[in-house]
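Q: Got a sequence here, can you model it:
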Amino acid sequence: MSIFKFDLGDQVKDQVSGYIGVITGRTQWLNGCVRYILEAQKLEGGKPVDPLNVDEQQLVLMKALKVNVGQVTNAVRAALSEPKSLPKPPGGPRPAPSRSRVTPTRSRSIRR
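A: Alright, predicted model coming up:
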């Protein structure tokens, strides 16, 4: 069972402010507080509205899973049913940067 009441991508409404948005992030804090990050679906004056961080108790579900959360969620769901099915993460070890043989020395024009 998930500790979160709402899923990423759900459309919810904040009961206090009336703000309606899509859940783009969620956090669980050490003291048990669960908070969600809500993104607006409309622009205000041609600019994006700042995201809102809201406690779980203030939210009401409007529409479940309004957007497709993508490949990561599908991979995680597959991993829960089959632990070895997670794809290998991209990247790998990065080679250590090498130092140039020519290192700058003190400027000789500065005298102390």
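
Q: any chance you could map the strands in the chain?
A: Counting by DSSP state E, the chain has these strands, from start to end: 11-14, 20-28, 34-39, 43-44, 47-48, 52-55, 59-63.

Q: Out of those strands, flag the one nearest Gly91.
A: Evaluated with C-beta to C-beta, the strands of the chain place strand 20-28 nearest to Gly91, the distance being 22.8 Å. C-beta coordinates here come from the backbone N, C-alpha and C atoms, glycine included.

Q: Show me what that closest one packs onto, helices and strands only.
A: strand 11-14, strand 34-39 (3 or more C-beta pairs under 8 Å, 6 or more residues apart in numbering; DSSP states H and E).

Q: Of all the strands of the chain, which one comes closest to Pro93?
A: strand 20-28 (29.4 Å).

Q: Low-confidence stretches in the protein?
A: In the predicted model, the chain carries pLDDT under 70 at residues 1-2, 66-90, 99-112.

Q: what does stretch 11-20 rub up against?
A: 6, 21-23, 36, 38, 40-41, 52, 54, 58-63, 66 (C-beta atoms under 8 Å, 6 or more residues apart in numbering).

Q: quick one: contacts for Arg35?
A: 26-27, 29, 53-56.

Q: Just the buried ones from the residues you listed?
A: Neighbour counting over these (16 or more other C-beta atoms under 10 Å) leaves 26, 54, 56 as the buried ones.

Q: which of these lies closest to Pro97?
A: The closest of the buried ones among the contacts of Arg35, once distances to Pro97 are taken by C-beta to C-beta, is Arg26, at 37.1 Å.

Q: So what sits opposite that closest one in the bridge?
A: Tyr36 (DSSP bridges).

Q: Val12 now?
A: Assigned bridge partners for Val12, using DSSP bridges, are Gly21, Leu61.
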